[in-house]
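K.L.:
Take this sequence and fold it.
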Amino acid sequence: MRVYLDNAATTPLDKEVFDAMAPFMLEHFGNPSSIHAHGREVRAAIERARKTVAQLLNTSPAEIFFTSGGTEADNAAIVCSCRTLGIKHAITTKLEHHAVLHTMEMLEKCEGVKLSYLRHDAQGNLDLAHLEELLANQPQTLVSIMHANNEVGTLNDIEAIGEICRKHNAVFHSDTVQTMGHYRHDLQKLGTNFIVGSAHKFHGPKGVGFLYSDASVKIQPLIQGGAQERNMRGGTENVYGIIGLAKALEIACRDMEEHTRYIQGLKDRMIHKLKEELEDVRFNGMSEYADKSLYTVLNVSLPPSDLNEMLLFSLDINKISASGGSACSSGANAGSHVLQALGVDPTRGSVRFSFSKYNTPEEIDFVAETLGKLYKNVTA
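P.N.:
The predicted structure is shown next:
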């Protein structure tokens, strides 16, 4: 048995999604920009997919733009809103994904955008009073705060953040990559100007995502070229990827309540079993608390040990796939910027387990027992 618990990095493709994609790989191959019949049938399929995504998010199809993934969508929202709207002040946190942090740092270095970081506590909970302070008397500010942290799972109240941003006429972008397909997003209530999705995080294909761009905030495109995506993203569309994204999101929303209960049960089981198997086990961020963290993510803090240097390798040779931090650094031994920002004890080992609908209770038990044996052997 090999166990995959790195679903925050990527999820396996749903067979139902593949079946929806397959005809657009083999039969419906026309270029959607072509005006002949082959092109028109593919163009129609893209627009049906756009309508599906829009309906699931309670917004207009005209506000959904397909991209190569979450990173491109984040870049488009941040870079293009600053350039188009002349924004010279941006607020974010030191806990964001690098798709946001590195983009913000580039704007600060190359385009003179003043960058402010929001305060947070040791579990990653944000200080919204500080956000109010930072926005006071600061017109034309961009706020970029993720919905849930990809490493420790801490959830942010983006409705409350959206209200603060509206009060101060700030532009609000939220990286929703980890929560898309796992939580309901009603864009008539959230108060966000931009959110993003990446299909491979909810059992869709890799290499495709989307940007929701509020029609009231007009931005110029990030990628120049043709007139695709209503002049918002040049380049021939990833047709079968788009079809797969829409189908995956449809399935995720259709089965969300059932899968939420099931996956939360797996996470609760893992917490219980780890406490049985290991002394001094802790949990980083808010990941131990069901109502305050992403139900698909558990970030485990392990006792100081020589094993910690080779923890991911040891898990891998014991047939367990997990991550030491950010999904985009999965398998790497580099220190996590999130755990450093939270002030986590560097002598303790950290591993992120992330769950999906395809995991089983038997797998959870196997992983917890294996981890317990590894640490007992080191200390014996």
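
K.L.:
Could you report the separation of residue 253 from residue 247?
P.N.:
Applying C-beta to C-beta, to the nearest Å, one obtains 11 Å for the distance of residue 253 from residue 247. (Each C-beta comes from the backbone N, C-alpha and C, glycine too.)

K.L.:
Please identify which of these two sits among more neighbours.
P.N.:
Neighbours of residue 253 and residue 247, each counted by other C-beta atoms under 10 Å, are more numerous for residue 247; the result is 23 against 19.

K.L.:
who touches that one in this structure?
P.N.:
Residues touching residue 247, when contacts are defined by C-beta atoms under 8 Å, 6 or more residues apart in numbering, comprise 14, 16-17, 20-21, 204.

K.L.:
That one should be in a helix, yeah?
P.N.:
Yes: when the secondary structure is assigned by DSSP: H, G, I helix; E, B strand; the rest coil, residue 247 falls within a helix.

K.L.:
Next one: it from residue 228, what distance?
P.N.:
When C-beta to C-beta is the yardstick, residue 247 and residue 228 sit 21 Å from each other.

K.L.:
rewinding a little: from the contacts of residue 247, which would you call buried?
P.N.:
14, 17, 20-21, 204 (16 or more other C-beta atoms under 10 Å).

K.L.:
Output these in TSV; the columns should cover secondary structure.
P.N.:
Formatted as TSV, the buried ones among the contacts of residue 247 follow (three-state DSSP):
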residue	secondary structure
14	coil
17	helix
20	helix
21	helix
204	coil
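
K.L.:
how about those residues in JSON lines, adding distance to residue 4 and pLDDT?
P.N.:
What follows is those, written out as JSON lines (distance: C-beta to C-beta, whole Å; pLDDT from 0 to 100):
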{"residue": "14", "distance to residue 4": "14", "pLDDT": "98"}
{"residue": "17", "distance to residue 4": "17", "pLDDT": "98"}
{"residue": "20", "distance to residue 4": "23", "pLDDT": "98"}
{"residue": "21", "distance to residue 4": "21", "pLDDT": "98"}
{"residue": "204", "distance to residue 4": "17", "pLDDT": "98"}
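
K.L.:
how about the CA coordinates for stretch 203-220, as PDB?
P.N.:
Only the C-alpha atoms of stretch 203-220 are listed here, as PDB (Å, rounded to 0.1, in the frame of the first residue of the first chain):
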ATOM      1  CA  HIS A 203      -9.700  16.700  -8.800                       C
ATOM      2  CA  GLY A 204      -9.400  18.500 -12.100                       C
ATOM      3  CA  PRO A 205      -6.500  18.700 -14.600                       C
ATOM      4  CA  LYS A 206      -3.200  20.500 -14.100                       C
ATOM      5  CA  GLY A 207      -2.400  23.600 -16.100                       C
ATOM      6  CA  VAL A 208      -5.700  25.400 -16.000                       C
ATOM      7  CA  GLY A 209      -7.400  27.800 -13.600                       C
ATOM      8  CA  PHE A 210      -9.500  30.900 -13.600                       C
ATOM      9  CA  LEU A 211      -9.600  34.500 -12.400                       C
ATOM     10  CA  TYR A 212     -12.800  36.100 -11.200                       C
ATOM     11  CA  SER A 213     -12.500  39.800 -12.000                       C
ATOM     12  CA  ASP A 214     -15.200  42.200 -10.600                       C
ATOM     13  CA  ALA A 215     -16.700  44.100 -13.600                       C
ATOM     14  CA  SER A 216     -16.500  47.300 -11.600                       C
ATOM     15  CA  VAL A 217     -12.700  47.100 -11.500                       C
ATOM     16  CA  LYS A 218     -11.400  47.400 -15.100                       C
ATOM     17  CA  ILE A 219      -7.900  46.100 -15.600                       C
ATOM     18  CA  GLN A 220      -5.600  45.500 -18.500                       C
END
